[in-house]
Every structure is written in C-alpha cells, then in structure tokens.
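Undergrad: Sequence and computational prediction follow.
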Amino acid sequence: MRNIISLVFIIFSLQTQAQVVSDALRYSLLEVGGTARSVGVGGAIGALGADYSTLSTNPAGLATFRRGEFVLTPTIYNTKTVSLLERGEGNAPNTESIANFGFNNIGVVLNNRPARSSWKTFNLGIGYNRLASFNQEFVLEGKSQGSIVDRFAEVANDGIYDEFEVKLADDVVAIYNDDNGTPNDDSDDFYTNDFQDAGTSPDYQLNREQFVKTKGSYGEMVIAVAGNYDEKLMVGATLGIPFINYSEEKTYKESELEGVDDVTYFNNLTFRETVETSGTGVNLKIGAIYRINQMFRAGVAIHTPTAFKLDDNFDTELTYDYTDGNGNSKTTATSPDGNFKYKLKTPWRVMGNVAVLINRKGFISADVEYVDYSVAAFNLTSNSSSSDDKDYEVDLNREIGKQYQSALNIRLGGEYALNKLRFRAGYTISGTPYADTDITNNTYSLGFGVREKKFYLDLAYKYAAYTEGYVPYILSDPKLEQFTTNEVSKSQFLMTVGFKF
C-alpha cells in the first residue's frame, strides 16, 4: 500500500466478488460513540461508570448505577467528502455530503440492592449500542490516461476468466483475442483492447467519473451484569451480539473527450457494481473498576475477538459502446447474482481507565485502548471446500498481517458541574492501523447536560476529519491507477434522554 500524507489511508478494491484487507479493517474500527454524555467527554467514561455506554466498553461501570434507568439517544450524522482525481492535470475537486438519522443507543438498566450483603448493587443491563456508521458518498471526476479495460485484459491474461469482470468485458467486446499476441502460461488466448490498438494515440486522455455510495451501520445488542462490592470494587461482564449491515454501490464511466478521436473504435463505457454484506457475531467483554479513594478511580477491561458470520450478495454490469467498420455497437452484459458466506475474526481489545473526581465540581478522565489490527483473520472455507478459496484465504490473511499494525487509542475528557448543569469536552487520538505510517486521527467533542432527580437531558457534538486514498480499479503497475484523494469530515449531533426509576 502506497503511503500518502493522511490521517487515515484506505484503498478499496474493484473486486466486488472477493474479500479484501480493507473489509477486515472496516469491521475492526470502532467509533467514539454511546450516549451524549460519553461522546461529550470523548468516550473517556470507562473508570466513571453510571453511563449506558460502558456496557460496550468497561461493563463494570454498570455496577455504579444506584437506580434503574431507561436511556434513548437519537443522533444525526453528516459526512462530507471532497474528492480529487490526482492522475491527470487540471482536475477540480468534487464535494458530496450525506446526512442520516439514527439511534446511538436504547436500553434499560435494572438495579438490585441485596439486603445485608457486602455486594451493594447487582445490576442488569439490556439494549443496543451503535459502534460505527458506514454512510458516505463521493464522486471522482476528471481527465486522465488509462482505462478500466486495461484491468480486465490484465486479469484475463493471468488466466482468470471470472463472471464478474472478464467474462462481461469479453461478452461486450471490451477485450478481445489478439491472434498476434503472446499467449500466457494458462491459456491459448492473449487479450488486448482498443486502448492498446496500434491506431490509438499514446497520449490519449479520457473523461472519467465514478459515483460511490456506501450505507449501513455496525450495531451491538448487549446483555450485561455487574456488581458493586463494598463500594470499592466493581466488576462486570457483557455478552455482545453485534450485527452488520453494509451496502456499496459504484457506477464508473469513461468516455472520449468531445471532438477528439484518440482511441480507435472506443466511444464510452459504464461499469456498475453492487455488494451487500450482512451478518452477526458474538463477543465477551469483562471489566473491573477500583475506587482507590473518594478522588481516584482506575479500571481495566478486556474484549474478546468478535467472531462474525458474514454473507455477501453482489453483482456487476458492463456497457460498452464502440464504432468499427460495421458501424456503432452498444452492448450490455450482466453478471449472475453472486453469493458468498464466510467468517471473520476481529482483534482483541484491552483498555485501561483512570478518573479524577474534583469534589462535586466534575471530573477529568482518560481511557487508553490497545488493538492489534494485524491479527484480524478471514475464514473463507467455512462453507467452501475450494482449494482456490483456501489459497486466497492464506494470501489475504498474510496481507492483513503486512498492511496493518497495533495501535493505541487515547481518549481524554472532562466535565464541570454547576448546580444541575453539566459542561463537557473531549479529545480522542486514534492511532493508525496502517503499518507504513504513524499519523494519527483526531476527534473533538463538546457536550452539555441538565440533571434532575428522575430525569436528565444531554447534548453533544463530535467532529473528525481525515484523508483517505481511493482507486476505482487496481493494475499491476500502481503508477497507471486512477489515484484519488478523499478529504473526509464527519459531524455528529446527539441527544440523550434518560429516566430514572
């Protein structure tokens, strides 16, 4: 993976029908989320507890609830992406924004106080926490040299004749057999295309455009229990049942420049691809908080890997328009509906928490989380006995180990209490998962709340900005790819309403 100056660097592959390393990362990266109170302090809530968010971070925090509670957090996300096609000259950036409404969490805490026992509370929590949002739209647009058809020919000449790229290109005559070419080792055919034709100008340029839209979320149903021993030690455990819904739609277009005929035969093409991923998993979180004294608290939590069972549905379509000696021809080929079932194991997570309580005026807190993204692993043969799937699984997991690394995520936050009012601020430093860079991603947050005896209302705002790399298709020579820079900014507004009983 090529290094760029960025906070986050992600390469998406064209290969709709195959798992890629970025899929493992997508389901391993978790956002600063939860209630508005938690987001307002940057997610640094682990040692404090008494917040529903802790069921998905340090479940020992559940033990600090003194009463039963119902909590609901509606939220609005907004993602803005500014895309620039770096290949070619004079291309202008393109800006797209997408907003969506959802719920960050909904749940209930049931409080139990055993009589005449050193266990002061024994609490149960049930509900839902949203851990990531996948909603984004962007458009790459500009003029440059090269064509996606070069990829189709490369794959074909490597002896791969799949139904989602090469067969479509062959059916619409975007690639064709060249009797004068040199056969590869696996086939008697050598495929070429209009862009490699002798009559094509070596300096040709094409108009190109791709619209990309991703949707979905990573949510988790939680069932947690926790106990408070003698007001000193809090322990808890959460059974997490995460579920993923992800969809991706891409429409890629190329056409000759107006009034220019640099490419023999070719007029334009459109390549469409869609993929939908759904699945569920299971994990376990255990945690403890120790109250050192009235002022200091410390905590620790461990999350097991999430074992996902995932299901991909996908299809592609290619339309190719060209003119030869027989006139104009425009043909469309559609792939069959593809389906693939597989498993994914995400990394362990270990976190430490500290908090300093400042009398009744507020607190300062910090959470540190360690995650080794390089140990995420696919199992592609759980529903397949194919030797090709096994070979690809080995190569894919090896590539995950090469491209990713361990990282520290540091969350800092504070709250100031003024009578019934609460003022909050937070800052998160997310270490890069990429092995070839040490640049971090920063998230900023602010919050405000009002506390009543049986009711509370919290508001929060979170902002993050980063840069990611994108290519619409992959070639053996990266210099010929249509590299695009995406400047992404994400904003989130949250409101939590809580009722105590």
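TA: Okay, I see it.
Undergrad: C-alpha from now on. contacts and neighbour counts both.
TA: Will do.
Undergrad: Low-confidence ranges, this structure, go.
TA: 1-18, 179-189, 198 (pLDDT under 70).
Undergrad: elements contacting the top helix by length along it?
TA: Assignment by DSSP state H gives helix 387-403 as the longest helix of the chain. For helix 387-403, the packing partners by 3 or more CA pairs under 8 Å, 6 or more residues apart in numbering; DSSP states H and E come out as helix 21-26, strand 377-379.
Undergrad: now these in TSV, with mean neighbour count?
TA: TSV is the format used below for these (neighbours: other CA atoms under 10 Å):
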stretch	mean neighbour count
helix 21-26	18
strand 377-379	22
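Undergrad: Tell me which of these lies nearest to Glu248.
TA: Comparing these by their distance to Glu248 (CA to CA), the top pick is helix 21-26, with 11.9 Å.
Undergrad: Output the contacting helices and strands for that closest one.
TA: Counting by 3+ CA pairs under 8 Å, 6+ apart, the elements that helix 21-26 packs against turn out to be helix 387-403.
Undergrad: ok, and for whichever helix or strand comes after the helix it packs on, which residues are buried?
TA: On the C-terminal side of helix 387-403, the nearest following helix or strand under DSSP states H and E is strand 406-418. Buried residues in strand 406-418, counted by 16 or more other CA atoms under 10 Å: 406-417.
Undergrad: what about the helices in the stretch 1-150 of the chain?
TA: Taking DSSP state H, counting those that start in this stretch to define them, one finds helices in the stretch 1-150 of the chain at 21-26, 36-40, 148-157.
Undergrad: related to what we said a few turns ago, using TSV, lay out the helices and strands packed on helix 387-403 together with distance to Ile302.
TA: Formatted as TSV, these follow (distance: least, CA to CA, whole Å):
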stretch	distance to Ile302
helix 21-26	19
strand 377-379	19
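Undergrad: which one of these lies closest to Leu269?
TA: Distances from Leu269 to each of the helices and strands packed on helix 387-403 were compared by CA to CA, and the smallest falls on helix 21-26, at 27.1 Å.
Undergrad: and Phe134, what is it in contact with?
TA: If a contact means CA atoms under 8 Å, 6 or more residues apart in numbering, then Phe134 has 214-218, 246 as its contacts.
Undergrad: coming back round to it: nearest to Arg66 among the buried residues of strand 406-418?
TA: Closest approach to Arg66 among the buried residues of strand 406-418 (CA to CA): Ala417, at 19.2 Å.
Undergrad: what residues are up against the closest one?
TA: If a contact means CA under 8 Å, 6+ apart, then Ala417 has 360-362, 423 as its contacts.
Undergrad: Among these, name the ones in helices.
TA: Assignment to helices by DSSP H places none of the contacts of Ala417 there.
Undergrad: Just among those, which is most surrounded?
TA: The member of those that has the most neighbours, counting by other CA atoms under 10 Å, is Phe423 with 21 neighbours.
Undergrad: For stretch 227-240, measure first residue to last.
TA: One end of stretch 227-240 sits 18 Å from the other (CA to CA, to the nearest Å).
Undergrad: Could I get the buried residue list for it?
TA: Those buried within stretch 227-240 under the rule 16+ other CA under 10 Å are 227-229, 233-240.
Undergrad: which pair in these spans the largest distance?
TA: Maximum pairwise distance in the buried residues of stretch 227-240, criterion CA to CA, is 23.9 Å, between Tyr229 and Gly240.
Undergrad: And the longest helix of the chain, how far out from the chain middle?
TA: Helix 387-403 has its average C-alpha position 20 Å from the chain's average C-alpha position, going by CA atoms, centre = their mean, to the nearest Å.
Undergrad: Next up, phi/psi of Leu380, please.
TA: Here the main-chain torsion angles of Leu380 (degrees, to the nearest 10) amount to phi -90, psi 0.
Undergrad: ok, now which ones touch it?
TA: 341-343, 389-390, 393.
Undergrad: other SSEs contacting the longest strand anywhere in the chain?
TA: The residue-count maximum for a strand in the chain (DSSP state E) belongs to strand 266-291. Other elements packing on strand 266-291 under the criterion 3+ CA pairs under 8 Å, 6+ apart are strand 233-256, strand 296-303, strand 307-324.
Undergrad: There's contact between Met234 and Phe65 in this structure, I believe.
TA: No: with contact defined as CA atoms under 8 Å, Met234 does not reach Phe65; the gap is 10.8 Å.
Undergrad: got the helices and strands packed on strand 266-291 as JSON lines, with distance to Asp23 columns?
TA: Output for these, formatted as JSON lines (distance: least, CA to CA, whole Å):
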{"stretch": "strand 233-256", "distance to Asp23": "11"}
{"stretch": "strand 296-303", "distance to Asp23": "20"}
{"stretch": "strand 307-324", "distance to Asp23": "11"}
